[in-house]
Structure formats: structure tokens, C-alpha cells
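>>> How does the following fold in three dimensions:
(one chain, ligands or ions: 2)
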Amino acid sequence: MTSTSNDVLARMRDTLEHDCHGASHVFVILGASGDLAKKKIYPTLWWLYRDGLLPKKTSFIGYARSKLTVDEIKQKTIKFMKVEKDEEKKLEEFFKLNSYVSGAYDKTEAFSALNKAIDAKGSCNRLFYLALPPSVYESVTLNIKAVCMSKDDKNWTRIIVEKPFGRDLESSNTLSSHLAALFKEEELYRIDHYLGKEMIQNLMVLRFGNRIFSPIWNRESVASVVISFKEPFGTQGRGGYFDEFGIIRDVMQNHLLQILSLVAMEKPPSTGAEDIRNEKVKVLKSIPPVLMENVVLGQYIGKKGGEGEEAKGYLDDPTVPKGSVTPTFASCALFVKNERWDGVPFILRCGKALNERKAEVRVQFRDVPGDIFREGEVKRNELVIRVQPNEAVYMKMMMKTPGMSIDCEESELDLTYDNRYKGVKMPDAYERLILDVFMGSQIHFVRSDELHEAWRIFTPLLKQIDKEKPKPIEYVYGSRGPKENDKLCTEFNFIYTGTYKWVKPQPHL
Ligand SMILES: NC(=O)C1=CN([C@@H]2O[C@H](COP(=O)(O)OP(=O)(O)OC[C@H]3O[C@@H](n4cnc5c(N)ncnc54)[C@H](OP(=O)(O)O)[C@@H]3O)[C@@H](O)[C@H]2O)C=CC1
Ligand SMILES: O=C1O[C@H](COP(=O)(O)O)[C@@H](O)[C@H](O)[C@H]1O
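Ligands and ions are numbered 1, 2, ... in the order given. Next up, the predicted model:
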């Protein structure tokens, strides 16, 4: 039987109270005046508070250079909080638990003032969320370490770090060494918010909780794997920031590679964080650096006759440097050189300003050997794990056309979450991850050696792109991206026939 949202919430509250032993907690948002804080962190803390999912004695302190009041923070963030009419009183309670300290990121005296505000809450566990540009990570973490850590043994301090974790292997290693000199690995929570998504967390269960997959999850049966991220909007005026990174650093090197490691890793000895992360590192170590010849780069141009944002290309964004060749689309094929996967292409593909919002994993199986049906009739099986939107797992299968016909046709085993798990609340990725930090679970956070391997795989390519500045292929805003990507997919054994038609199930009357 499917658990109802209320059952699940009640169980989570019990676990949380048990794990937190009734302790007090202070959650500090560094960069409280910024975009991430406003759009994600404050709303997430509110949802957790509203649902009773934070330890009972938790308060929140915002910290940034701007001189702000809690009321001003509230005005900035409220439209992202999705507050229902009957929740106003609770929202007031939430903001009463908030305070704000203004100060510089590089002044120890300012952090002493922050520490005073934390001390005023009494003996407590401390969580610091770095919702900040990486340029200030170093000074902020030095100051936290110098004056803001928990003073007694019974309380812990945890630091939540947001990407980008550097821009190449060298800068990432420098950041990792800096953090390692200040904090223990168990105090560091490196967020990759894709690890907080339902279907990404489901990959472990799907693979290792089902007997049927393990015999076919290898080079004998799998032809190729495609992992995609598509977004239907462009840089929306924030191209200046994006241009420093490009889509490979923004999405491929982190979110898509994390998904790949969960799809390709061996079965860990347990579901413990270290066992899982050991396996993820092992599989990443088997991946040679990506070669430029296996890469397609694209940049979107405006749509003729389009209106508003879609009429504008990447280079029309006034915050983007003139003539920039930063890719807004990238796809690449890479290989896992181990016994299980040798020769199987893993195609990663991501892009902005495409035709739809979609993130999915597509495992395409090899052709049926010794086919006895009419030539070309039998198509490859495909297992699709749709991460977003509308979570689903479906397996494309060949079936006899029902009725008198003896033909084969493409059909599917379809597990659409909206139908199967009616009424279950899907928390936002940040809700799950912030809760994990309270509970001290690092399963869904990136360890420093995973980060090292991820940058090792992409840094030679990124350096080559930065040096040679190849001109990306133009694609029109709202299209499927460069045609060259389809060629890359075909070259690397992903066969698209265009013959599969999904008949959306109609609700029973
Ligand atoms: N439970 C559910 O909700 C289910 C939903 N469906 C829906 O049915 C529709 C079709 O299913 P789908 O699995 O995508 O099957 P398809 O075989 O039609 O598509 C497979 C893949 O090929 C890509 N593709 C499309 N055009 C080309 C092309 N010209 N050359 C190369 N590749 C191409 C697709 O999208 P891309 O443009 O991203 O490359 C996709 O990645 C989808 O909208 C799917 O979401 C199907 C089954 C279950
Ligand atoms: O990390 C990032 O992810 C978002 C997309 O996240 P999603 O949860 O909405 O899929 C992307 O827009 C952004 O560029 C990138 O930095």
C-alpha cells in the first residue's frame, strides 16, 4: 500500500527528533541578501518549518554585507515561499525565529559579531550555508573556523558548500585543500542538488532492489546510455555569471556526472554514505578524460518572429561579453573502462533554451540476437528514468499487436508516478538535502575525491576549449539543439527510430 504524505511526514519527524536528541540548532545563511538565499534557501527552511520537519529548537540567522532587516528579507523571499492563506500565522512564527547580522566577509570582527548572535541562542549545533560567490569562500571559511565554531564537544558544526567547487582540477584541489585544513570531511556538505531529486535517489533501489536488472546491467546487454538535461529558457539576463562557466561546468561536470556514477557504479556493500561514495569514486576513476572529437558544442540564437526572451540569442543578453563563444549546449560520449562497461558509450547532453524541460536517463539495450520477426520490425528495448518533470520509469517493449493481428508493436511497461503514487508529496531537492545535513547523513553529498575525479575527467577538455575557443554550433532558441548531437548519438550506438508512440492512459470513469 502506498504511504500517505502524512504517514511519511510523521515518520520523518520521529526520526529527526530521535537523531537530534532534542538539541538546539542555529542555521546561518551566509549571503542572505542574494539570489540563492531568496529563491531557494529561505523558502526551503520555511517549508521544512511549516511541515514540522526541523528540530523543535531551531532558529535562523541571515548574514550579508547589505544592511537589511528581517522584514526586508521577508519581502524579498515571500513570493518564492508559496504560502497558503491559512498559513499566515505559522509564517509569522517562522520569521520571529529569524534574525539578521550585517558584516563583511573578510573581517574577523564582523564574524565575532555573528558568533555573539549565535552564542545568544545558548548551547547549540551550528549549520552554515555558504550561499555565496566562490570568490569569498576562502575568507568566510577562515572566519567561521576562527570564531564561529561550536565550543563544546556535545555540539557540532556543519558547513554546506554550493557549487561551483572551482573551475578546473587545479582550482578545485586548491579549494579542497583549503577546506580540508579547516574542517573534517564529516563537517563538510558539498551540495549537488540533483542528488536530492526523487528519481536520482531512486536509482539505488531500482538497480539493487530488483533482481531483474543486475544480469542485464552491463556491456553484454546495454548498447548505450544517454543522460540528458534540457531547459526551455536561456540565461534570463544572468548571462554574465553563466559566461564565466558555460554549460559543461554548470551542469555536465557535476549533475550529469553524478547521475552517471549512480547508474554505472558497482553494488556497494551497504547503503552507508562511505560505501556508496567509495563505489562512485571507483567508477569515476575508470573514466578517461573526455576527448574533443567526441564532443558537440552549441550556443543558442534568437528565434525569428519570436517574442520576448525567445527572440533573443545568448549574445543578445547585454551581460554576456561581445562575441562570447561560451557553449550553452554540450553533448559528449565518454567511456567507463571497466569489466562491466568497456565499450558502452555514455552520452551526456545538456542545454539551455531548448524545446522542453526534461532530465532523464535512457538505457538502450542491444538488438535481439537471431531475430525471427520481419526485418526491422523489432526495435530495441529502452529503460527510461524520467527525473523531471512528471517523474516516471518506463521500459519500451515489443508486444504482439492485440487482437487477430500477428504483428509486433512497440509498447511499454509504464510506471508514471502521478498515477501510481497519488497524493504523495514530492519534496524539493533542497528540502531533502538540508534535512540530511541536520540528520548528519552524507549519502547525497559529494565527497572531495569524487570532486577530484569529476574535474580530472573534464579539465583537459575545458582547458582545450578555453585555449582554442572553438565556435559553438548555432541552434535556434526553443529547438532540440544542434543536429550534430543526433549524429553523435547515432555514432555512439543510440538508435532513434521515431516509431515509438506513447498512448497516454486515460483515467477510468
Ligand atoms: N510515463 C510516461 O509519462 C511516459 C511518457 N512517454 C512520453 O512519450 C513520448 C515519447 O517517448 P520517448 O521515450 O521519448 O520515445 P522516443 O523514441 O520518441 O524518443 C526517444 C529519444 O529520442 C530523442 N529524439 C527525438 N527526435 C530525435 C531525432 N530526430 N533524432 C534523434 N533522437 C531524437 C528524444 O528526445 P530529445 O528531443 O530529447 O532528443 C528522446 O530522447 C515522450 O514525450 C515521453 O515522455 C512515454 C512513455 C511513458
Ligand atoms: O545547477 C543548476 O541547475 C539548474 C537547474 O536545476 P533544476 O533543478 O531546475 O533542474 C540550472 O538552471 C542552473 O543553470 C544550474 O547552475
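>>> Can you say which helix or strand has R456 in it?
helix 448-468 (DSSP states H and E).
>>> Then G122?
Here G122 is assigned to no helix or strand, by DSSP H and E.
>>> cool, V281 as well?
Residue-wise, V281 maps onto helix 273-285 under DSSP H and E.
>>> What mean pLDDT does that helix get?
Regarding helix 273-285, the rounded mean pLDDT is 98.
>>> Buried by neighbour count: which residues of it qualify?
273, 276-284 (16 or more other CB atoms under 10 Å). The C-beta positions use only the backbone N, C-alpha and C, and glycine is treated the same way.
>>> Take those and write them to CSV, including distance to ligand 2.
Listed next are those as CSV, based on distance: CB to the nearest ligand atom, whole Å:
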residue, distance to ligand 2
A273, 22
I276, 21
R277, 20
N278, 25
E279, 24
K280, 19
V281, 22
K282, 25
V283, 22
L284, 19
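>>> hang on, the earlier thing: helices or strands up against the helix or strand that the helix holding R456 is followed by?
Using DSSP H and E, the helix or strand that follows helix 448-468 in sequence is strand 473-476. Helices and strands touching strand 473-476, by 3 or more CB pairs under 8 Å, 6 or more residues apart in numbering; DSSP states H and E, are strand 295-301.
>>> tell me what the strand it packs on is packed against?
strand 329-335, strand 473-476, helix 483-491.
>>> which of these sits most buried?
Mean neighbours per residue, mean count of other CB atoms under 10 Å, is largest over the helices and strands packed on strand 295-301 for strand 329-335, with a mean of 25.
>>> Using PDB, write down the CA coordinates of it.
The C-alpha coordinates for strand 329-335 follow below in PDB (Å, rounded to 0.1, in the frame of the first residue of the first chain):
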ATOM      1  CA  PHE A 329      24.700  23.300 -25.200                       C
ATOM      2  CA  ALA A 330      27.100  20.400 -24.900                       C
ATOM      3  CA  SER A 331      27.000  16.700 -25.500                       C
ATOM      4  CA  CYS A 332      29.800  14.200 -25.200                       C
ATOM      5  CA  ALA A 333      30.400  10.500 -25.300                       C
ATOM      6  CA  LEU A 334      32.500   9.000 -22.600                       C
ATOM      7  CA  PHE A 335      33.500   5.500 -21.600                       C
END
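>>> For that strand, give the mean pLDDT please.
98.
>>> quick check: angle from it to strand 295-301?
Angle, strand 329-335 to strand 295-301, by axes from the mean of the first three to the mean of the last three CA atoms, to 10 degrees: 170 degrees.
>>> Could I get the contacting residues of the nearest residue in space to G34 that is not next to it in sequence?
Counting by CB to CB, 6 or more residues apart in numbering, G34 lies nearest to A131, which is 5.7 Å off, once chain neighbours are set aside. Taking CB atoms under 8 Å, 6 or more residues apart in numbering, we find A131 in contact with 29-32, 34, 36-37, 40-41, 162.
>>> could I get those residues as JSON lines with pLDDT?
Formatted as JSON lines, the contacts of A131 follow (pLDDT from 0 to 100):
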{"residue": "I29", "pLDDT": "98"}
{"residue": "L30", "pLDDT": "98"}
{"residue": "G31", "pLDDT": "97"}
{"residue": "A32", "pLDDT": "98"}
{"residue": "G34", "pLDDT": "95"}
{"residue": "L36", "pLDDT": "94"}
{"residue": "A37", "pLDDT": "97"}
{"residue": "K40", "pLDDT": "96"}
{"residue": "I41", "pLDDT": "97"}
{"residue": "E162", "pLDDT": "92"}
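>>> Kindly give a single ChimeraX line that selects the buried subset of those.
Of these, the buried ones can be selected in ChimeraX as follows, counting by 16+ other CB under 10 Å:
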select :29,30,31,32,34,36,37,40,41,162
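>>> sorry, back to before: just the closest of the buried residues of helix 273-285 to R362, please.
V283 (18.5 Å; CB to CB).
>>> Please look at G343 and F335 and confirm they touch.
Yes: counting by CB atoms under 8 Å, F335 is a contact partner of G343 at 7.3 Å.
>>> Three-state assignment for R207, please.
Assigned with DSSP: H, G, I helix; E, B strand; the rest coil, R207 falls in the helix class.
>>> let me redo that: V226
Going by three-state DSSP: V226 is strand.
>>> cool, D153 as well?
coil.
>>> any idea how far it lies from S123?
11 Å (CB to CB, to the nearest Å).
>>> so what's the residue of the stretch 51-200 of the chain found nearest ligand 1 scoring on pLDDT?
Residue of the stretch 51-200 of the chain nearest ligand 1, by CB to the nearest ligand atom: M199 (12.0 Å). The model reports M199 with a pLDDT of 98.
>>> what's the helix or strand for it?
With DSSP H and E as criterion, M199 is part of helix 198-208.
>>> same question, L54
Counting by DSSP H and E, L54 is found in no helix or strand.
>>> Apart from its neighbours in sequence, what residue is nearest it?
L48 (5.0 Å).
>>> R386 is in contact with the residue of the stretch 51-200 of the chain closest to ligand 1, correct?
Yes: contact criterion CB under 8 Å: M199 and R386 qualify, at 6.9 Å.
>>> In contact with the residue in the stretch 401-509 of the chain positioned nearest to ligand 2, which residues?
In the stretch 401-509 of the chain, no residue comes nearer to ligand 2 than A429, which is 6.3 Å away by CB to the nearest ligand atom. Taking CB under 8 Å, 6+ apart, we find A429 in contact with 193-197.
>>> repeat for G272
I443.
>>> Could you report the separation of it from R340?
From G272 to R340 the distance is 22 Å (CB to CB).
>>> what's the answer for G370, then?
24 Å.
>>> which of these two has more neighbours?
Taking neighbours as other CB atoms under 10 Å, G370 and R340 compare with R340 leading, 16 against 5.
>>> Run through the residues that contact that one.
Neighbouring residues of R340 by CB under 8 Å, 6+ apart: 217-219, 264, 266.
>>> For the protein, what lies in contact range of ligand 2?
For the chain, the residues in contact with ligand 2 (CB under 6 Å from any ligand atom) are 193, 231, 250-251, 359.
>>> Just give me the closest of those to F494.
Closest to F494, out of all of the residues of the chain next to ligand 2 and judged by CB to CB, is A359, at 16.8 Å.
>>> Please enumerate residues in contact with stretch 475-490?
For stretch 475-490, the surrounding residues in contact (CB under 8 Å, 6+ apart) are 224, 226, 230, 232, 234, 294, 296, 298-304, 306, 309-313, 329, 331-333, 347, 349, 351, 353-355, 473-474, 496.
>>> R362 belongs to a helix, doesn't it?
No: using three-state DSSP, the assignment for R362 is strand, not a helix.
>>> what are the bridge partners for it, then?
Beta bridges link R362 to V226, V384, judged by DSSP bridges.
>>> and it, what is it in contact with?
Counted by CB under 8 Å, 6+ apart, R362 has contacts 225-228, 382-385, 494.
>>> how about 10 Å then?
Counting by CB atoms under 10 Å, 6 or more residues apart in numbering, R362 touches 224-228, 347, 382-386, 396, 489, 494.
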